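Engineer: next comes the sequence, and after it the predicted model I'd like to discuss.
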Number of protein chains: 2
Amino acid sequence: MVTQSEGPVLFGSPYQADCPARRILDRIGDRWTVLVVGVLADGEARFSQLSRRIEGVSKKMLTQTLRGLERDGLVRRTVYPEVPVRVVYALTDAGRTLCEPLRALQEWAIAHLGDVAASQEVYDRAN
Amino acid sequence: MVTQSEGPVLFGSPYQADCPARRILDRIGDRWTVLVVGVLADGEARFSQLSRRIEGVSKKMLTQTLRGLERDGLVRRTVYPEVPVRVVYALTDAGRTLCEPLRALQEWAIAHLGDVAASQEVYDRAN
DNA sequence: ACGCTGGGGTTACCGTAAGAGACCAGGTAT
DNA sequence: ATACCTGGTCTCTTACGGTAACCCCAGCGT
């Protein structure tokens, strides 16, 4: 193990600052993106439904996150010009491919919740 | 009308604001954490090596990220009190379990780079 | 004895980005 | 007339990320 010279960049190369992969990681690593995609993985949803299901997200951040995902081609935004306007968000095919990795992350988080919390407590007591 | 009020929460429940899973997602979803774990997946590394391999990270953020990971029990910090002090960081067993999900994310990012960039261009032209 | 270098940080400051919350458009039910 | 609905936008404040300067400890050149 331990080949620790400035050696081979392991997977891809998001380690160069200018690498586009870096930007994508920034986007999908974003706090709300994970949750929005998680909800939409379950099926399309309206703005207000997303708002309710993702506790604590502000309208501003939700809008911003959705715009970003739309721009990236991961989410499709459909406006139904009805009585009170209805806007539906859904994952695109590309967006659906993102579900698996994100779900893996979420499952990891849930599985390791206890360990992490325990470790934090120990760490904090030791200051 | 779709009564999808507080319906079934799909996987786990990071959708409640107070859920600890949310905090973990925040941590691992952080920009630098992904990259640090990526580097350490390759084997242990010293502070300065991390600094060099992760282009653009400031000392402050690197320290902060490493402290967080250590607190979470994902990274082990070893100090060798030598002439110029040497500090080595390595993933713990728990940390190693995080590699897989993160690598999946990185691979997704690399695989979809082109599509995303193309979509952004289209989106931006349409304003 | 004095300053310089190098590793691994910490601290002070500052600008941007996130969050809270008021306000808006446009139509309809009261 | 006006209150209400959805899906936002605008404004203000606060928190967080980034920059750069400084710290400690030892050795080394001068």
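Structural biologist: The structure has been received and is ready for your questions. Numbers count the residues shown, from 1 in each chain, chains lettered A, B, ... in the order given.
Engineer: ok, longest helix in chain A?
Structural biologist: In terms of residue count, the longest helix belonging to chain A (DSSP state H) is helix A:93-126.
Engineer: the inter-axis angle of that helix versus helix B:93-126?
Structural biologist: Calculated by axes from the mean of the first three to the mean of the last three CA atoms, to 10 degrees, helix A:93-126 forms an angle of 140 degrees with helix B:93-126.
Engineer: ok, A:L91 - contacts?
Structural biologist: Residues counted as contacts of A:L91 (CB atoms under 8 Å, 6 or more residues apart in numbering or on different chains) are A:37, A:40-41, A:44, A:74-76, A:98-99. C-betas here are computed from N, CA, C, even on glycine.
Engineer: list the ones among those that fall in strands.
Structural biologist: A:75-76 (DSSP state E).
Engineer: which of the contacts of A:L91 are close to chain B?
Structural biologist: A:41, A:74, A:98 (CB under 8 Å from any CB of the partner chain).
Engineer: dump those residues into TSV; add neighbour count and pLDDT as well.
Structural biologist: As requested, these are exported to TSV (neighbours: other CB atoms under 10 Å in any protein chain shown; pLDDT from 0 to 100):
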residue	neighbour count	pLDDT
A:A41	18	94
A:L74	27	96
A:L98	25	93
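Engineer: could you provide these in JSON lines, with additional columns for distance to B:K60?
Structural biologist: Listed next are the ones next to chain B among the contacts of A:L91 as JSON lines, based on distance: CB to CB, whole Å:
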{"residue": "A:A41", "distance to B:K60": "36"}
{"residue": "A:L74", "distance to B:K60": "32"}
{"residue": "A:L98", "distance to B:K60": "31"}
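Engineer: quick one: which of those is nearest DNA strand C?
Structural biologist: Of all those, A:L74 has the smallest distance to DNA strand C: 17.1 Å, by CB to the nearest atom of the strand.
Engineer: and the closest one, backbone torsions?
Structural biologist: Backbone geometry at A:L74, expressed as degrees, to the nearest 10, gives phi -100, psi -20.
Engineer: with A:R86 instead?
Structural biologist: phi -120, psi 130.
Engineer: near DNA strand C, which residues of chain A are found?
Structural biologist: Along chain A, the residues adjacent to DNA strand C under the rule CB under 7 Å from any atom of the strand are A:30-32, A:56-61, A:64, A:83-84.
Engineer: out of the residues you listed, which are inside helices?
Structural biologist: When those are checked against helices (DSSP H), the matches are A:31-32, A:59-61, A:64.
Engineer: contact partners for A:L102?
Structural biologist: A:28, A:34, A:37-38, A:41, B:105.
Engineer: any chance of the contacts of A:L91 in JSON lines, plus distance to B:I24?
Structural biologist: What follows is the contacts of A:L91, written out as JSON lines (distance: CB to CB, whole Å):
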{"residue": "A:V37", "distance to B:I24": "17"}
{"residue": "A:L40", "distance to B:I24": "21"}
{"residue": "A:A41", "distance to B:I24": "19"}
{"residue": "A:E44", "distance to B:I24": "27"}
{"residue": "A:L74", "distance to B:I24": "23"}
{"residue": "A:V75", "distance to B:I24": "24"}
{"residue": "A:R76", "distance to B:I24": "29"}
{"residue": "A:L98", "distance to B:I24": "19"}
{"residue": "A:C99", "distance to B:I24": "19"}
